[in-house]
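[1] this is the structure alone, sequence omitted:
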Ligand code: NOJ
Ligand code: NOJ
């Protein structure tokens, strides 16, 4: 009783918004996501810099360093921590990547995961997965550019990017791999289908563009030119994923193996690609009508497929409609990913003060956001402001779904059950935490 009266008094004297904000669920979840993510890095029984995908060692065993998950986790930390606090974490990560690049591997630099003892995973698996090296380049090149600004050019030249061929530095090795291998078939980020994937190509394009920037900055102009040339070709390859007939982006083209039942070819990883790797001025940005149309198709599909989505506002998002992994359920990292995408779209419209509604994107605005736009450019303040506020509201609804299905202490596993909403599959998934952090970062930029 006493305590309650005391807190009422304290709260009464705090500025309202501050009191509300400080202990809001969102802020608490942000903090615990950060802490829980950190617990999965450099654990006592793994090498330094090693990021376990989850502490779960059975059903499923995720006690490995996945190249993709780890790079995305490092990118999330990059957005979350002050630079000085990032540096030691990156040092460990860079040393680890340097070892992983040189250790024996079945498929070379596209190898998807590593054991806690430092060796590569050598049992049957969907390999190679060529998004991994590209995601590493994205995180590490951004880091290198920051280091150069802060007087760290020597370290960058000796450890991250030296012009020498064969490459003997971390970023250069990955750039050489990406630029020479992107035309080959590989397994998608879900480790299931072999072919050419929108997500993989998208992150490869970004890796090559950023890599070229770094190469130029360090005087390696010939290499920069080569990386850019590959990026231009990737651009053209990406265009081929658009289906005007279906009105969405096809996740895989030229399938040559793996799961045969992804009939719709509709996949939430298209939205992740935009979150993880869009660059100003390049196609398939957040505001691209084709991305918007795909987001709408995905929401509509998952609304129908997961019974739990009819019980609450907002939509739990899964990987793709035909998914059967653990029965096929919504995932935290994808539901957070959609929140992030909505905030990013709102941010772009805030900057542009205008938006375009086309045949391709009109259902998103009219059916989903509940507006009544006809085609064309919308640039009056009132309408643009309304769109932004509805985007934020829907972004928050995705977060509300995370709040509803999360554990009490902020625990986020990989999935939540499509019937009863309880968490499922790998516990404390590091990538779930990373995507919650980046979603909130996007929200805070608004
Ligand atoms: C099948 C799943 O669908 C895939 O995404 C996963 O990575 C592997 N099994 C390993 O757990
Ligand atoms: C299965 C997911 O499909 C894949 O994307 C991820 O890398 C691994 N689990 C590890 O989290």
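    In hand now; what should we look at? Here the structure is a predicted model, which is why all the values come from computation and not from measurement. Numbering: from 1, shown residues only. Ligands and ions are numbered 1, 2, ... in the order given.
[2] could you check how far residue 432 is from ligand 2?
    Distance of residue 432 to ligand 2, computed by CB to the nearest ligand atom, to the nearest Å: 9 Å. (Each C-beta comes from the backbone N, C-alpha and C, glycine too.)
[3] surely that residue forms part of a helix?
    Yes - residue state for residue 432 (DSSP: H, G, I helix; E, B strand; the rest coil) corresponds to a helix.
[4] tally of neighbours for residue 44?
    If you count neighbours by other CB atoms under 10 Å, residue 44 ends up with 4.
[5] where's it, which helix or strand?
    For residue 44, there is no helix or strand it lies in under DSSP states H and E.
[6] roughly how far does it sit from residue 52?
    11 Å (CB to CB, to the nearest Å).
[7] now residue 381
    48 Å.
[8] again with residue 119
    Separation of residue 119 from residue 52 (CB to CB): 15 Å.
[9] tell me which of the two has more neighbours.
    Counted by other CB under 10 Å, residue 119 and residue 52 do not tie: residue 52 has more neighbours, with 26 against 13.
[10] was I right to think the more buried one contacts residue 40?
    Yes - counting by CB atoms under 8 Å, residue 40 is a contact partner of residue 52 at 4.9 Å.
[11] spit out the residues that contact the two alike.
    Counting by CB atoms under 8 Å, 6 or more residues apart in numbering, the residues touching both residue 52 and residue 40 are residue 430.
[12] contact partners for the residue in the stretch 301-446 of the chain that ligand 1 sits nearest to?
    Residue of the stretch 301-446 of the chain nearest ligand 1, by CB to the nearest ligand atom: residue 325 (3.5 Å). By CB under 8 Å, 6+ apart, the contact list for residue 325 reads 190, 319, 425.
[13] pretty sure the first one sits against residue 269.
    So that's residue 190. Yes - using CB under 8 Å, residue 190 is in contact with residue 269, at 7.2 Å.
[14] any common contacting residues for those two?
    residue 319.
[15] how about low-confidence regions in this structure?
    In the prediction, the chain carries residues with pLDDT under 70 at positions 1-22.
[16] if we use 80, what do you get?
    Along the chain, segments meeting pLDDT under 80 span 1-23.
[17] and for residue 342, the neighbour number?
    26.
[18] dump the residue contacts of it.
    If you count contacts by CB under 8 Å, 6+ apart, then residue 342 has 391, 392, 394, 395, 398 around it.
[19] let's go with 6 Å and repeat that
    391, 394, 395 (CB atoms under 6 Å, 6 or more residues apart in numbering).
[20] do a quick rundown of the strands in the stretch 301-446 of the chain.
    Using DSSP state E, counting those that start in this stretch, the strands of the stretch 301-446 of the chain run over 355-357, 376-378, 415-416, 423-424.
[21] list the contacts for residue 261?
    residue 322 are the contacts of residue 261 under CB under 6 Å, 6+ apart.
[22] same thing but at 10 Å, please
    By CB atoms under 10 Å, 6 or more residues apart in numbering, residue 261 lies in contact with 192, 193, 322, 323, 324.
[23] these two touch, right, the first one and residue 269?
    Just to be clear, that refers to residue 192. No - taking contacts as CB atoms under 10 Å, residue 192 lies outside contact range of residue 269: 11.1 Å.
[24] what comes up buried for the top helix by length along the chain?
    Longest helix in the chain, counting residues (DSSP state H): helix 381-405. Burial within helix 381-405, assessed by neighbour count using 16 or more other CB atoms under 10 Å, is assigned to 383-384, 387-388, 390-392, 394-402, 405.
[25] over to stretch 149-162?
    152, 156, 157, 159, 160, 161, 162.
[26] save those as CSV, and put in secondary structure and distance to residue 293 too.
    Output for the buried residues of stretch 149-162, formatted as CSV (DSSP: H, G, I helix; E, B strand; the rest coil; distance: CB to CB, whole Å):
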residue, secondary structure, distance to residue 293
152, coil, 43
156, helix, 40
157, helix, 44
159, helix, 43
160, helix, 38
161, coil, 38
162, coil, 43
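[27] out of those residues, the closest to residue 82 would be?
    residue 152 (15.5 Å; CB to CB).
[28] wait, doesn't that closest one sit right on residue 160?
    Yes - using CB under 10 Å, residue 152 is in contact with residue 160, at 9.4 Å.
[29] who touches both of the two?
    143, 144.
[30] in the stretch 101-250 of the chain, which residue sits closest to ligand 2?
    Closest point on the stretch 101-250 of the chain to ligand 2, by CB to the nearest ligand atom, is residue 190, at 4.1 Å.
[31] now do the contacts for that residue.
    By CB under 10 Å, 6+ apart, the neighbours of residue 190 are 126, 129, 197, 199, 251, 258-259, 262, 267-269, 319-320, 323, 325.
[32] just the helices in the stretch 251-400 of the chain please.
    269-277, 289-305, 332-352, 362-363, 381-405 (DSSP state H, counting those that start in this stretch).
[33] of all the ones you listed, which lies closest to residue 238?
    Of all the helices of the stretch 251-400 of the chain, helix 269-277 sits nearest to residue 238, with 9.4 Å by CB to CB.
[34] need the residues of the stretch 301-446 of the chain near ligand 1, please.
    Contact residues, the stretch 301-446 of the chain versus ligand 1 (CB under 6 Å from any ligand atom): residue 325.
[35] for the stretch 301-446 of the chain, which residue gets nearest to ligand 2?
    residue 431 (5.6 Å).
[36] alright, that wraps it up for me.
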